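1. would you be able to build a 3D model of this:
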Amino acid sequence: MSSESSSDISNRTIIGLIETITLENGKSYKAKIDTGADSSSIDINIAKQFDDKKILAHKYIRSALGRHRRPVISLGIEIKGKKCVDDFTISDRKNLSFKILIGKDILQKEEFMIDPLLDPTLKSQKINDLSKENREEVKNN
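-> Next up, the predicted model:
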């Protein structure tokens, strides 16, 4: 991320804490946006839909359960109208509410801004698109 782009926030895509993302196969899922997670992760059962994807690497991940070695695949995704290709570690997320987690790796690379007050039903928003009234409306709901 260049210092020039990081200082100009007006064209960044704003996302909330939960976002609908569409994978390259056209299927959509609710994803948790997690600024505390270094890496993005996808459930093993969703990853199985992409049998043609080669494992790019293995990555050690620290979690509450300890340190684990996970395979990494690259997937095309779309978040709030922004299309990109990013890496995901594969893990068993069956007991978790969200089968996809978007971590700092994607958030920084794609230069997303997070607004915890953002309504997940809103279409693509840029910071300049939100009038003061709209921001107040989002806050009050």
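2. tell me what the residue most central in space within the chain is bridged to.
-> The residue lying closest to the centre of the chain (C-alpha atoms, centre = their mean) is residue 102, at 3.1 Å. Counting by DSSP bridges, residue 102 is bridged to residue 33.
3. what is the neighbour count of residue 68?
-> Residues contacting residue 68 under the criterion other C-beta atoms under 10 Å number 13. Glycine gets a C-beta too; all of them are placed from N, C-alpha and C.
4. shift numbering so it begins at 827
-> All set: I'll call the first residue 827, so the last point we hit is now residue 894.
5. separation between it and residue 838?
-> 32 Å (C-beta to C-beta, to the nearest Å).
6. and the closest residue to residue 903 other than its chain neighbours, how far from residue 895?
-> Excluding the flanking residues, the one nearest residue 903 by C-beta to C-beta, 6 or more residues apart in numbering is residue 847, at 5.3 Å. Distance of residue 847 to residue 895, computed by C-beta to C-beta: 25 Å.
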